[in-house]
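Engineer: using only what follows, build the 3D model:
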Amino acid sequence: MTLDLDFVRAQFPAFSEPSLQGQAFFENAGGSYACGAVIDRLTRFYRQRKVQPYSAYEASRLGGEEMDEARTRLSAMLGVARDELSFGPSTTQNTYVLAQAFRQWMSPGEAIVVTNQDHEANSGPWRRLADDGIEIREWQIDPDSGRLNPEDLEDLLDEKVRLVSFPHCSNVVGEINPVIEITAIAHAAGAFVCVDGVSYAPHGFPNVGELGPDIYLFSSYKTYGPHQGIMVIRRALGDMLPNQGHHFNGGTLYKRFTPAGPDHAQVAACAGMADYVDALAGHHGGGDLDPAGRAALAHDLMRAHEVEILQPLLDAVKSRNAVRLLGPSDAEHRAPTVALALNRPAEPVAAKLAEYGINCGGGDFYAHRPLEAMGVDPEQGVLRLSFVHYTSRAEVDQLLNALDDVL
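Structural biologist: Sure, this is the predicted structure:
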């Protein structure tokens, strides 16, 4: 089945915004356009429900119901229980709170495995636990390909390891890691698993229940929604870790790891992401599927379109002189987040591309560790060209023509 791109783009007000006409958006890894359903829900909440939720009067009752709707529908899409999904101000902060829970739960001499493929959000908080006597073991990428080899992980595991933390895919390498395989290896050694899905989820909401990790994190502002961090913690682990919320909320799983009160409006607006997935699946004949099935159909439609228009970009850059493509050159094995190491600083190149209507970024993207591991100077950075399923082939052609002129 082919993605109906006209239908998709009609769901995003940015594509009818006069000030954005002629601009090709290639910085989606930093944050996507918001879909109309999210914008409508956020606007309605601020107009009609901007009161303390969960009281008996109508505005308050409806506000609370909309917040509950977001949790209920997103958890069903992700294949997990409703109370296993919680919201926080960002993925970085959610990870930091989780690290504090593990710090209290673990004993000195026990170990956590992290990678040097990660964005700093899913690496730094865990590494800081070394100050409390926790051993940090680094699962290292191949310096040429940027790949994580699951066989290398097995050499790091023993009875001391309590957690293995890794990305679904890196925000500069782009290769999609085999989450099911890695999770099985870690679980067989008795370790829990934390997956950073920030760079993967924009390309199709995953079925976390089928993938199997104990923690899965992503950011709704990269999945067409408001600026929130979404965190799945499976009950077996969530009940075991010390409560990080108010003491009287310790018995509610989705409140145990959110020390601050939630942003009511943004939580409610996250239901708009489910609206969009349902509309997309329904338009393509999947309206009778259950929520996880609709999400799976949307995922496959998104990925197929992305792979089709990504391959010409990879083919065009992989053999250029003075350009190094980070990660795989096969679109089937990566997300459309394409980082290019140049023979000059990347930020001025991104600025030059803006003159051609190409909106992209240059820099380190908080990925100092993988860049350094692959021999790329973070100060020079990389040119990052990232898109999602609403990107058109014509926009990729616009990008390729601009790259010809600028590079």
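Engineer: mind listing what's buried in the longest helix along the chain?
Structural biologist: Using DSSP state H, we find that the single longest helix of the chain is helix 291-317. Of all the residues in helix 291-317, those buried under the rule 16 or more other Cβ atoms under 10 Å are 291-292, 294-299, 301-303, 305-307, 309-311, 313-314, 316-317. For glycine as for every other residue, the C-beta is placed from the backbone atoms N, C-alpha and C.
Engineer: which strands or helices does the next helix or strand after it pack on?
Structural biologist: Remark: after helix 291-317, the chain's next helix or strand is strand 323-325, criterion DSSP states H and E. Strand 323-325 sits against helix 291-317, strand 337-342, with contacts defined as 3 or more Cβ pairs under 8 Å, 6 or more residues apart in numbering; DSSP states H and E.
Engineer: list of residues touching the last one?
Structural biologist: Where contact means Cβ atoms under 8 Å, 6 or more residues apart in numbering, the residues beyond strand 337-342 that reach it are 29, 169, 171-174, 199, 310, 313-314, 317, 322-327, 346, 349, 365, 374, 376, 380, 382-386, 407.
Engineer: where in the stretch 101-250 of the chain is pLDDT low?
Structural biologist: Judged by pLDDT under 70, the stretch 101-250 of the chain has no weakly predicted residues.
Engineer: picking that back up, which stretch among the helices and strands packed on strand 323-325 comes nearest Gln244?
Structural biologist: Closest approach to Gln244 among those is made by helix 291-317 (28.7 Å; Cβ to Cβ).
Engineer: just want the angle from that closest one to strand 337-342.
Structural biologist: 20 degrees (axes from the mean of the first three to the mean of the last three Cα atoms, to 10 degrees).
Engineer: need phi/psi at the residue positioned nearest the centre of the chain.
Structural biologist: Centroid-nearest residue in the chain: Val198, 1.5 Å away (criterion: Cα atoms, centre = their mean). Phi and psi for Val198, reported as degrees, to the nearest 10, are phi -60, psi -40.
Engineer: how close does it sit to Phe218?
Structural biologist: Applying Cβ to Cβ, to the nearest Å, the value for Val198 to Phe218 is 5 Å.
Engineer: name the residues contacting each of these two.
Structural biologist: With Cβ under 8 Å, 6+ apart as the test, Val198 and Phe218 both reach Thr91.
Engineer: hmm, back to that, make TSV out of the helices and strands packed on strand 323-325 and add mean pLDDT and distance to Gly190.
Structural biologist: Output for the helices and strands packed on strand 323-325, formatted as TSV (pLDDT from 0 to 100; distance: least, Cβ to Cβ, whole Å):
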stretch	mean pLDDT	distance to Gly190
helix 291-317	98	29
strand 337-342	98	33
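Engineer: those: which one's closest to Ala331?
Structural biologist: helix 291-317 (4.1 Å).
Engineer: what packs against that closest one?
Structural biologist: helix 58-78, helix 271-283, strand 323-325, strand 337-342, helix 393-406.
Engineer: and Ile39, which of these is closest to it?
Structural biologist: helix 271-283 (7.4 Å).
Engineer: distance from the closest one to the middle of the chain?
Structural biologist: The chain centroid and the centroid of helix 271-283 are separated by 18 Å under Cα atoms, centre = their mean, to the nearest Å.
Engineer: now do it, average pLDDT.
Structural biologist: For helix 271-283, mean pLDDT is 98.
Engineer: only the buried residues of that helix, if you could.
Structural biologist: Here helix 271-283 shows Ala271, Gly272, Met273, Ala274, Asp275, Tyr276, Val277, Asp278, Ala279, Leu280, Ala281, His283 as buried, counting by 16+ other Cβ under 10 Å.
Engineer: farthest pair in the residues you listed?
Structural biologist: Ala271 and His283 (18.6 Å).
Engineer: so Tyr216 sits against Val208, correct?
Structural biologist: Yes. Here Tyr216 reaches Val208: they are 4.5 Å apart, a contact under Cβ atoms under 8 Å.
Engineer: need the residues touching each of these two.
Structural biologist: Counting by Cβ under 8 Å, 6+ apart, the residues touching both Tyr216 and Val208 are Leu78, Val232.
Engineer: ok, back up a step: which of the buried residues of helix 271-283 sits closest to Arg47?
Structural biologist: For the buried residues of helix 271-283, the nearest to Arg47 is Gly272 (14.9 Å; Cβ to Cβ).
Engineer: isn't that closest one right up against Ala37?
Structural biologist: Yes. The pair Gly272 and Ala37 qualifies as a contact (Cβ under 8 Å) at a distance of 3.6 Å.
Engineer: between these two, which contacts overlap?
Structural biologist: What both Gly272 and Ala37 touch, as defined by Cβ under 8 Å, 6+ apart, is an empty set.
Engineer: return the most buried member of the helices and strands packed on helix 291-317.
Structural biologist: For these, average neighbour numbers computed from mean count of other Cβ atoms under 10 Å are highest in strand 337-342, which has a mean of 24.
Engineer: following that one, which helix or strand shows up next?
Structural biologist: helix 346-354.
Engineer: who are the packing partners of that following helix?
Structural biologist: Contact here means 3+ Cβ pairs under 8 Å, 6+ apart; on that basis helix 346-354 packs against strand 361-363, strand 382-386, helix 393-406.
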